[in-house]
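Participant: no sequence on this one, just coordinates:
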């Protein structure tokens, strides 16, 4: 969703990369404000934040690449480091990364920051593999789908635990989605 909608706003509607980013970030901040104020799960609000954060993450990587000439390899490494730091601080602070234990604003903040970094990383890695490594989107799709399949087998045979399996697959679905979106 992030890849295709960002491209739609940027190119088709003519907002440009800067305008699309500004519009998306403002909408995301507003949606997050209401999400954090909500004391119950509101599907429309939750999924609005997911869509906006997917677009924002995509645009952050696109801005680094297109406007600041940061290589996809460099941005992917930076996003991976930021994601790793977020996981480490979240776990150190809360002693869990389980999505089933997100019932405080602090845990929800870690969750949304993680989601943002996964989308930014996914755009970078997806484009890096498909475009810069010149493997194409079809091959990229099968690479990421294969990684997800292997992770699911590792979980099924108790090699990795449920929480690790969830986040590992979640992270890999981002470049898979970027490859499909492109």
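Facilitator: The structure has been received and is ready for your questions. These numbers come from a predicted model, not from an experiment.

Participant: distance of the residue lying farthest from the centre of the chain from residue 150?
Facilitator: Distance from the centre of the chain peaks at residue 157, with 27.0 Å (CA atoms, centre = their mean). Using CB to CB, to the nearest Å, residue 157 is found at 11 Å from residue 150. Yep, even glycine has a C-beta here, placed from its N, CA and C like the rest.

Participant: helix or strand right after the host helix or strand of residue 87?
Facilitator: Residue 87 belongs to helix 72-94 when assigned by DSSP states H and E. Where DSSP H and E defines the elements, the next helix or strand beyond helix 72-94 is helix 105-127.

Participant: Residue 160 in helix, strand or coil?
Facilitator: coil (DSSP: H, G, I helix; E, B strand; the rest coil).

Participant: Quick check: pLDDT value at it.
Facilitator: Residue 160 is assigned 96 on the pLDDT scale.

Participant: and if you look at residue 1?
Facilitator: 67.

Participant: Can you give me the neighbour number for residue 47?
Facilitator: Using other CB atoms under 10 Å, residue 47 has 12 neighbouring residues.

Participant: May I ask which helix or strand of the protein has the lowest mean pLDDT?
Facilitator: Of all helical and strand segments in the chain, the minimum by mean pLDDT, DSSP states H and E falls on helix 2-7, at a mean of 72.

Participant: Can you tell me how far the closest residue to residue 128 other than its chain neighbours is from residue 14?
Facilitator: Using CB to CB, 6 or more residues apart in numbering and skipping the chain neighbours, the partner closest in space to residue 128 is residue 72 (4.0 Å). Using CB to CB, residue 72 is found at 25 Å from residue 14.

Participant: Okay, residue 75 and residue 39: tell me how far apart.
Facilitator: The value you get for residue 75 to residue 39, if CB to CB is used, is 36 Å.
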